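> Pasted the sequence and its predicted model underneath.
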Amino acid sequence: MADKTLEHIAIIMDGNGRWAKKQGLVRNAGHKKGAQTLLEIAKAAKNTGVKYLTVYAFSTENWKRSDEEISGLMNLLREYLDKNFEDLKKNDIRIIFIGEKYMLDADIVAKMDALEQETRKNKGMTLQVALSYGSRQEIVHAAKKAAELVAKGDIMPEDINENMFSKLLYTSDIPDPDLVIRTSGEQRISNYLLWQIAYSELFFTNTLWPDFTEKELINIVENFKTRERRYGKA
Ligand code: FPP
């Protein structure tokens, strides 16, 4: 069982491209392997007892990649939505998506909406998939919503506080991550959950995402339990 303070893990699944290159394969072969890893790690995370897993599948900045890579990733997503998520559904996992949905093709959005609907009562774990997601965009979006509420007279400016602002983010009902893991040796946050990770523990591993295993996840969870979280207190 996970420590009671470890309720939510967020992962930046980085290194698919480098993994593919090392194997002499095209980048999209790395994403395909990475997608399989996600399936295994989602089940492994549920087994540790965490209640929420958030993964960064595609950032708003990723739209700048080559047309070939983007269409490969979108086709992978279509395939994933049709097949692999079935497996997660069977595992009592609720699936939700955060991000700029309007940037995605309509058929993909329809599949995402259907999956959210079908899994909404699942209780085992919530898998939150960040797709076409950027944290600054999310914060600006929330600020606009707050401004609209003030303009309509629904709230006063002084009603805006951290708690109500959090509720305007895409992640509104999800507790903040306790632990953030980034694979592939890069040590940065890349516009991921900037508001939500204010007090999260950060963990960086050199493992490339397609090589990430349940065993390594369990080791990181054990390491997390040895850390003392003070939230700014002495
Ligand atoms: C980062 O590796 C990974 C991504 C941009 C995509 C992550 C997607 C998956 C793990 C597949 C699962 C998602 C879907 C859509 C079903 P990178 O390409 O930046 O690797 P590099 O830094 O080595 O080039």
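Thanks, I have it.
> ok, the one residue in the chain that gets nearest to the ligand - contacts?
Scanning the chain for proximity to the ligand using CB to the nearest ligand atom identifies Gly17 as nearest, at 2.4 Å. (Glycine included, C-beta is placed from N, CA and C.) Residues touching Gly17, when contacts are defined by CB atoms under 8 Å, 6 or more residues apart in numbering, comprise 27, 30.
> can you tell me how far it sits from Arg136?
Spatial separation of Gly17 from Arg136 under the definition CB to CB, to the nearest Å is 24 Å.
> How about Gln187?
Counting by CB to CB, the separation of Gln187 from Arg136 is 20 Å.
> What of Ala57?
Per CB to CB, Ala57 is found 18 Å from Arg136.
> So which of the two has more stuff around it?
Ala57 (22 against 11; other CB atoms under 10 Å).
> Three-state assignment for that one, please.
Taking DSSP: H, G, I helix; E, B strand; the rest coil as the rule, one finds Ala57 in the strand state.
> give the contact list for the residue most central in space within the chain.
Residue closest to the mean C-alpha point of the chain, counted by CA atoms, centre = their mean, is Val55 at 2.5 Å. Neighbour list for Val55: 10-11, 13, 38, 42, 127-130 [criterion: CB under 8 Å, 6+ apart].
> For those residues, which single residue is the most surrounded?
For the contacts of Val55, the largest number of neighbours (other CB under 10 Å) sits with Ile11, at 27 neighbours.
> where's that one relative to Tyr102, distance?
Applying CB to CB, one obtains 25 Å for the distance of Ile11 from Tyr102.
> The residue nearest to the centre of the chain bridge partners, please.
With DSSP bridges as the criterion, Val55 is bridged to Ile11, Val129.
> any idea of the pLDDT on it?
Per-residue confidence for Val55 comes out at a pLDDT of 98.
> do the same with Ala2
Confidence per residue is given as pLDDT, and for Ala2 that number is 44.
> Val180 too?
98.
> in which helix or strand would I find it?
Using DSSP states H and E, Val180 sits in strand 179-182.
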